[in-house]
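In: Next comes the sequence, and after it the predicted model I'd like to discuss.
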Amino acid sequence: MDWSEKGWRSAFRIELRAQAIGLASRGWPVLPGTFPANSGWAGRSGADAEGPLPVHSDWQQRLGTNPDQVASWWSGRPYSLLVATGQVVGAVEVDAGLGRSAAVALRSVGMPVPIVATPDGRWYFLTRGDQEFDGELAAHPGIHLHGSGSWIPMPPSTFPQGVVHWRVAPQVCGWQLPAVELVQEALYAGLHERPDVAILAVTE
C-alpha cells in the first residue's frame, strides 16, 4: 500500500484529529507521532523505529489538552496519535497472548478495562497514572509498565502492518481508568492460567 497517497493521508488526518481532540477534551495528554511512509517512519528527521515516536524532541513540554492546539497539530499531516503516560494515564504493555488471557480474567468478573492493541501484537491495558507493579510482574521481561517519560500509540494510528485499534473502548468502562492492581491481578491470572481468579476485591 502506498502510505503517501493523498486521499489516504487526508482521510486519516481528519479521523486522527477528531480522536485527538476527543481524548484531549477528557484531559488526556496527547501528542503527534511519526507515521509510516514509503521510506520508513515520516514526520521526524532521522526517526528509525518499529513504532511511532514523538514528532518533537521536546514533546514533554508540548503535551496538549487544549482542543484548538491539538487540532492545529493535525491540520496538515496524518501524524500518529500518542498519549503521554504518567500523571493522567498509565499503561501496561504485554504480548497478545497474555493480553487475551488477562482480558478473559477481567471479563469473567465483569470488570473490563480500556485496552489498545497494535497490529504488531502488543496490547496496552490503560490504568490510572503514576502507579507501580510489585513482585513477579515488575521483573517479568514480557511486561512493561508505562509511566512518566513514556507514551503509547492510540487508535487509529497506523503501523506498516495495519491500524491500532481498541480491544475494549473506554466508553465501555465509562471512561474510568482502573488502579494498576486490578490489571496486575488479571495478568497473574493469565500467567498462571487461572481465569477464575478472584479479583473482584481489587477495585480501588
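Out: In hand now; what should we look at? Numbering: from 1, shown residues only.

In: Okay, buried residues for the helix ranked longest in the chain please.
Out: Counting by DSSP state H, the longest helix found in the chain is helix 6-25. By neighbour count on 16 or more other Cβ atoms under 10 Å, the buried set for helix 6-25 is Arg9, Phe12, Arg13, Glu15, Leu16, Arg17, Gln19, Ala20, Ile21, Leu23, Ala24. The C-beta positions use only the backbone N, C-alpha and C, and glycine is treated the same way.

In: residue ranges for the helices of the protein, please.
Out: 6-25, 67-73, 96-108, 135-139, 180-191.

In: what helices or strands is the fourth one leaning on?
Out: Meaning helix 135-139. Helices and strands touching helix 135-139, by 3 or more Cβ pairs under 8 Å, 6 or more residues apart in numbering; DSSP states H and E, are helix 180-191.

In: angle of the helix it packs on against helix 96-108?
Out: Helix 180-191 runs at 120 degrees relative to helix 96-108, counting by axes from the mean of the first three to the mean of the last three Cα atoms, to 10 degrees.

In: quick revisit: the helices of the chain: which one's closest to Ser148?
Out: Across these, Ser148 has its closest neighbour in helix 180-191 (13.7 Å, Cβ to Cβ).

In: export that closest one as CSV, just CAs?
Out: Extracted in CSV, the C-alpha atoms of helix 180-191 (Å, rounded to 0.1, in the frame of the first residue of the first chain):
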residue,chain,number,x,y,z
VAL,A,180,-2.9,-0.8,38.2
GLU,A,181,-3.6,-3.5,40.9
LEU,A,182,-6.6,-4.7,39.0
VAL,A,183,-4.7,-5.2,35.8
GLN,A,184,-1.9,-6.8,37.8
GLU,A,185,-4.2,-9.4,39.3
ALA,A,186,-5.6,-10.2,35.8
LEU,A,187,-2.1,-10.6,34.5
TYR,A,188,-1.3,-13.0,37.3
ALA,A,189,-4.3,-15.0,36.3
GLY,A,190,-3.2,-15.0,32.7
LEU,A,191,0.3,-16.1,33.6
